[in-house]
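Engineer: Below is the sequence, then the predicted model.
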Amino acid sequence: MRIARLLPVFGLLALGLAACKDEKKDAPPPPPPPPATTAPTQPSAPPPAPAPATPPANKPAGQ
């Protein structure tokens, strides 16, 4: 008796899944993603200037 009740449920479920697969095939494919570029679009900033070679003014040389 259980099989007689569950058979129509499984049949409808199978039909529903088959209909979903058909709809997905009919849909147009998504557009391809834009090509990835490895080069940056803006040039990088120049490196910061090196520190001066002279010692700071508040410390005398030799300490």
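Structural biologist: Thanks, I have the structure now.

Engineer: Output the below-cut-off pLDDT ranges for the chain.
Structural biologist: 1, 20-27, 36-47, 51-52, 55-57, 59-63 (pLDDT under 70).

Engineer: one more time with 80
Structural biologist: 1-3, 17-63 (pLDDT under 80).

Engineer: Please enumerate the helices of it.
Structural biologist: 2-26 (DSSP state H).

Engineer: For burial, what's the neighbour tally of Met8?
Structural biologist: Careful, residue 8 is Pro and not Met. Using other CB atoms under 10 Å, Pro8 has 9 neighbouring residues. Yep, even glycine has a C-beta here, placed from its N, CA and C like the rest.

Engineer: and it, how far is that from Ala14?
Structural biologist: 11 Å (CB to CB, to the nearest Å).

Engineer: Could you do Pro33 as well?
Structural biologist: 35 Å.

Engineer: So between those two, which is more surrounded?
Structural biologist: Using other CB under 10 Å as the criterion, Pro33 and Ala14 rank with Ala14 on top: 10 against 6.

Engineer: and that one, what does it touch?
Structural biologist: Shown in contact with Ala14 (CB atoms under 8 Å, 6 or more residues apart in numbering): no residues.

Engineer: now it: how far from Pro32?
Structural biologist: Using CB to CB, we find Ala14 at a distance of 34 Å from Pro32.

Engineer: One more: Leu15?
Structural biologist: From Leu15 to Pro32 the distance is 34 Å (CB to CB).

Engineer: Which one's more surrounded, these two?
Structural biologist: Leu15 (10 against 6).

Engineer: now the more buried one: how far from Val9?
Structural biologist: 11 Å.
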